[in-house]
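1. I need the structure of the sequence given here:
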Amino acid sequence: MHRSLLPNALSALRILLAPAALMAAVAGSRPWFVGCLAAGLLTDAVDGYLARRLKAESDFGRKLDSAADYVTMLIGIAGIALLWPDIMRRELPWVFAALGAFFAVIVYGFVRLGRAPCYHTWASKGFAVACAISLVPLLAEWATWPFHAAIALQVMAGIEEIAIAMLIPHHRGEMPTIWHAWRQRQSQPREN
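-> Below is the predicted model of the structure:
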């Protein structure tokens, strides 16, 4: 396999790990579920870095990465609901807040841009890391505040991505922050 295909292969692997994680959850195996989910989250941490490092960034890669993120998130929620139902019941308002912010961006992106934005903002990347880390104390029932903080970051990331879509009339690929979107909008020639 050519080096430039490695980031997309990792994103595809994340999608392929999702059914294995779901089967482990249905079978009641917390260790296998956590292992599959952790492996998927690890590929999420590495694929974008490798794409930039290998100069293999592409629109297809951004879409594949986002699709893998959606699948991993939904399988993660389903698995936690199956294996830790008491925690899921207790944290359901927080889960709904995260899902609301997540899907609001997608819906607004389709309405405004005709596609899911796939901006991969710094805030959304921060949420992915914070959420993965926060699952340890949450599922071990040590503390809920890290999970709540991660969800608050997801809501802020969603608001920022909608604001970016409002500022930029056409999809432009990666957009690290709203400040970058503002700068890009300011540099565009004004229409009369």
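2. domain-wise, how is this protein divided?
-> Split into domains by automatic domain parsing, the chain comes to 1-83, 90-192.
3. save those domains as TSV, and put in mean pLDDT too.
-> Below are these laid out as TSV (pLDDT from 0 to 100):
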stretch	mean pLDDT
domain 1-83	92
domain 90-192	91
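4. would JSON lines of those with mean neighbour count be doable?
-> C-betas here are computed from N, CA, C, even on glycine. JSON lines is the format used below for those (neighbours: other Cβ atoms under 10 Å):
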{"stretch": "domain 1-83", "mean neighbour count": "18"}
{"stretch": "domain 90-192", "mean neighbour count": "16"}
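5. how close does the most centrally placed residue in the chain get to Gln186?
-> Centroid-nearest residue in the chain, with Cα atoms, centre = their mean: Asp69, separated by 4.5 Å. Noted for Asp69: a distance of 30 Å to Gln186, by Cβ to Cβ, to the nearest Å.
6. show me the helices in the chain, by range?
-> According to DSSP state H, the chain carries its helices in the segments 6-26, 30-53, 59-83, 85-113, 122-139, 145-167, 178-187.
7. the longest one vs helix 59-83, what angle?
-> What separates the directions of helix 85-113 and helix 59-83 is an angle of 150 degrees, with axes from the mean of the first three to the mean of the last three Cα atoms, to 10 degrees.
8. the chain should start at 256 in everything you say after this.
-> Okay, residue one is now 256; in that scheme the one you just asked about reads as helix 340-368.
9. so which elements touch helix 340-368?
-> Other elements packing on helix 340-368 under the criterion 3 or more Cβ pairs under 8 Å, 6 or more residues apart in numbering; DSSP states H and E are helix 314-338, helix 377-394, helix 400-422.
10. so which of these gets nearest Val360?
-> helix 400-422 (4.5 Å; Cβ to Cβ).
11. dump the closest one to PDB, restricted to CA.
-> C-alpha atoms of helix 400-422 as PDB (Å, rounded to 0.1, in the frame of the first residue of the first chain):
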ATOM      1  CA  TRP A 400     -17.600  16.200  35.600                       C
ATOM      2  CA  PRO A 401     -15.000  15.400  32.900                       C
ATOM      3  CA  PHE A 402     -17.700  14.000  30.700                       C
ATOM      4  CA  HIS A 403     -19.900  17.000  31.300                       C
ATOM      5  CA  ALA A 404     -17.000  19.300  30.500                       C
ATOM      6  CA  ALA A 405     -16.400  17.300  27.300                       C
ATOM      7  CA  ILE A 406     -20.100  17.700  26.300                       C
ATOM      8  CA  ALA A 407     -19.900  21.500  27.000                       C
ATOM      9  CA  LEU A 408     -16.900  21.600  24.600                       C
ATOM     10  CA  GLN A 409     -19.000  19.700  22.000                       C
ATOM     11  CA  VAL A 410     -21.800  22.200  22.200                       C
ATOM     12  CA  MET A 411     -19.400  25.100  21.800                       C
ATOM     13  CA  ALA A 412     -17.700  23.300  18.900                       C
ATOM     14  CA  GLY A 413     -21.100  22.900  17.300                       C
ATOM     15  CA  ILE A 414     -22.000  26.500  17.700                       C
ATOM     16  CA  GLU A 415     -18.600  27.500  16.200                       C
ATOM     17  CA  GLU A 416     -19.100  25.200  13.200                       C
ATOM     18  CA  ILE A 417     -22.500  26.600  12.500                       C
ATOM     19  CA  ALA A 418     -21.000  30.100  12.800                       C
ATOM     20  CA  ILE A 419     -18.300  29.100  10.300                       C
ATOM     21  CA  ALA A 420     -20.900  27.900   7.900                       C
ATOM     22  CA  MET A 421     -22.700  31.200   8.200                       C
ATOM     23  CA  LEU A 422     -19.500  33.100   7.500                       C
END
